[in-house]
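In: I would like the atomic coordinates for the input below:
(one chain, ligands or ions: 1)
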Amino acid sequence: MPPRSITRAASSAVEDYLEQILELINTKGYARVVDIAERLSISQASVTNMVQKLDTEGLLKYEKYRGLVLTTAGEELARNITHRHNLLSDFLQLLGLDSQTIHHDVEGMEHHISPETVRAIECLTEHLKSRPALLAAIRTGPPRKLVRKKAAPKV
Ligand code: MN
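Out: You can find the predicted model right below:
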């Protein structure tokens, strides 16, 4: 078994914040508490608390009237969670799942998946993209022989 990463994994909540902050910075050029609160459906007061905590932990710099910027460490975590989110979305999309299911599942899976599994899914995704027949079969459902039949009632 490969050694586990020694860096402590960020909590799901921290990852969700960093992910949204990076997304806001990339799309709007800046991230404000009000926008983060809206995206995460959390009160502005709670967002302010969390943002101050993330500042203390060295993941971002928060200035009350000027918004916030990610530090190098914060940006690295943000890029990492964003990568996991996009990879898992692409993968489930490839399998033909509907967007609601994809969104629901990815928001949970992205926080728990290990780097080893990320690499395996990256590899699998690349292979699947060049196998349209296999993809079509996957989208159609399991082969008949794998469908469990109800046992016939005994007479
Ligand atoms: Mn996400």
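
In: residue 40: how many residues sit nearby?
Out: Other residues near residue 40 come to 16 when the count uses other CB atoms under 10 Å. Placement of C-beta: from N, CA and C, glycine included.

In: where does it sit relative to residue 115, distance-wise?
Out: Between residue 40 and residue 115 the computed distance is 25 Å (CB to CB, to the nearest Å).

In: what does the pLDDT read for the residue nearest the centre of the chain?
Out: With distances taken as CA atoms, centre = their mean, the chain has residue 85 as the residue nearest its mean C-alpha position (2.9 Å). Taken from the predicted model, the pLDDT recorded for residue 85 is 97.

In: pretty sure it contacts residue 109?
Out: No: the pair residue 85 and residue 109 does not pass the contact test of CB atoms under 8 Å, sitting 9.1 Å apart.

In: buried set for the longest helix anywhere in the chain?
Out: Here the longest helix in the chain is taken by residue count, with DSSP state H as the criterion, and it is helix 72-94. Along helix 72-94, these residues count as buried under the neighbour rule (16 or more other CB atoms under 10 Å): 74-75, 77-78, 80-82, 84-85, 87-92.

In: so residue 117 is in which element?
Out: In the assignment (DSSP states H and E), residue 117 maps to helix 115-129.

In: and what of residue 61?
Out: Going by DSSP H and E, residue 61 is part of strand 60-63.

In: so what touches that strand?
Out: The list of residues contacting strand 60-63 from outside it, by CB atoms under 8 Å, 6 or more residues apart in numbering, reads 21, 51, 52, 54, 55, 68, 69, 70, 71, 74.

In: at 10 Å what do you get?
Out: 17-18, 21, 31, 33, 48, 51-56, 67-71, 73-75, 78 (CB atoms under 10 Å, 6 or more residues apart in numbering).

In: pLDDT averaged over the next helix or strand after it - what is it?
Out: Note on strand 60-63: by DSSP H and E, the next helix or strand toward the C-terminus is strand 67-70. Averaging pLDDT along strand 67-70 yields 90.
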